[in-house]
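**Q** here is a sequence with its predicted model. Questions after.
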Amino acid sequence: MPAAKSSSEEPKTAQKKVKTKEKGASASKLAAKEAKTNRLVDLMTKAYDTPITPPPKVSEEEMAIRATIGRNHVIGCFKRHNEHNHDLAVKIRMKRHAMKLLPKEGEIGDTPIEIEGGSTKSKQTVYGKWRAAAFKINDRWGPPDSRPIPLLTPPIEGFDASLYMDAEDEA
């Protein structure tokens with residue numbers, strides 16, 4: 001009978017590696033991550049679901065004071081609006097009148113000039129150049145910078161906005 005082979009006599013074979021599944025985050029880490037993402041949603045839901053609290057009762061004197069302040073605010077807004085619109089209307093009327101008074105191109109005293117625009121030269125007259133400049137439309141067609149911003153509430157007595165402004169806003 002032949003002798004059994006010892007382990008040193010057997011051919012060597014590569015060992016098979018066992019594949020292990022990668023562990024995910026623990027339950028506590030998953031819960032923390034989910035809570036962090038849902039925190040804003042929960043906050044918005046709570047803000048939306050809060051019951052509306054009625055304003056406190058106000059005395060008749062205070063209601064009369066508030067009505068007077070509101071009425072004066074509206075009157076002041078109307079006055080400011082009317083003054084501003086009147087000012088703009090007068091300026092438009094004056095500009096139209098001045099444009100009518102501009103001399104026509106080719107009238108006595110008009111002199112021809114050459115205007116260089118890029119690679120081409122064009123001939124124009126002084127009066128024609130004035131008229132073209134007068135009839136040019138402003139590119140900034142939005143509301144004027146001087147137009148007041150509409151406010152939702154009348155001014156509050158004793159309120160100082162500088163207390164609530166950042167140092168960056170003041171500069």
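**A** Happy to help now that I have it. What you see is a predicted model; the values in this text were computed from it and never measured.

**Q** C-alpha only now, for contacts and for neighbours.
**A** OK.

**Q** what's next to stretch 127-134, contact-wise?
**A** 99, 102-106, 110-111 (C-alpha atoms under 8 Å, 6 or more residues apart in numbering).

**Q** could you do stretch 103-114 as well?
**A** Applying C-alpha under 8 Å, 6+ apart, the set of residues contacting stretch 103-114 is 121-128.

**Q** quick one: buried ones out of those residues?
**A** 125-128 (16 or more other C-alpha atoms under 10 Å).

**Q** in helices, which of those appear?
**A** Judged by DSSP state H, helices contain the following of the buried ones among the contacts of stretch 103-114: 126-128.

**Q** which one's the longest helix in the protein?
**A** helix 60-101.

**Q** looking at that helix now, give me its mean pLDDT.
**A** For helix 60-101, the mean per-residue pLDDT is 93.

**Q** next structured bit after that helix?
**A** Note on helix 60-101: by DSSP states H and E, the next helix or strand toward the C-terminus is strand 112-117.

**Q** sort out which residues of that following strand are buried, please.
**A** Quick answer for strand 112-117: no buried residues (16+ other C-alpha under 10 Å).

**Q** who does it pair up with?
**A** strand 120-125 (antiparallel) (DSSP bridges).

**Q** export the contacts of stretch 127-134 as JSON lines, with columns for distance to residue 53.
**A** Supplementary listing: the contacts of stretch 127-134 in JSON lines, determined by distance: C-alpha to C-alpha, whole Å:
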{"residue": "99", "distance to residue 53": "61"}
{"residue": "102", "distance to residue 53": "66"}
{"residue": "103", "distance to residue 53": "69"}
{"residue": "104", "distance to residue 53": "70"}
{"residue": "105", "distance to residue 53": "72"}
{"residue": "106", "distance to residue 53": "75"}
{"residue": "110", "distance to residue 53": "75"}
{"residue": "111", "distance to residue 53": "77"}
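
**Q** which of those tops the neighbour count?
**A** residue 105 (18 neighbours; other C-alpha atoms under 10 Å).

**Q** how near is it to residue 63?
**A** 66 Å (C-alpha to C-alpha, to the nearest Å).

**Q** same thing with residue 83?
**A** Noted for residue 83: a distance of 30 Å to residue 63, by C-alpha to C-alpha.

**Q** looking at the contacts of stretch 103-114, which two lie furthest apart in space?
**A** Farthest pair in the contacts of stretch 103-114 (C-alpha to C-alpha) is 121 and 127. Separation: 17.8 Å.

**Q** check contacts around residue 70.
**A** Applying C-alpha under 8 Å, 6+ apart, we find residue 70 in contact with residue 154.
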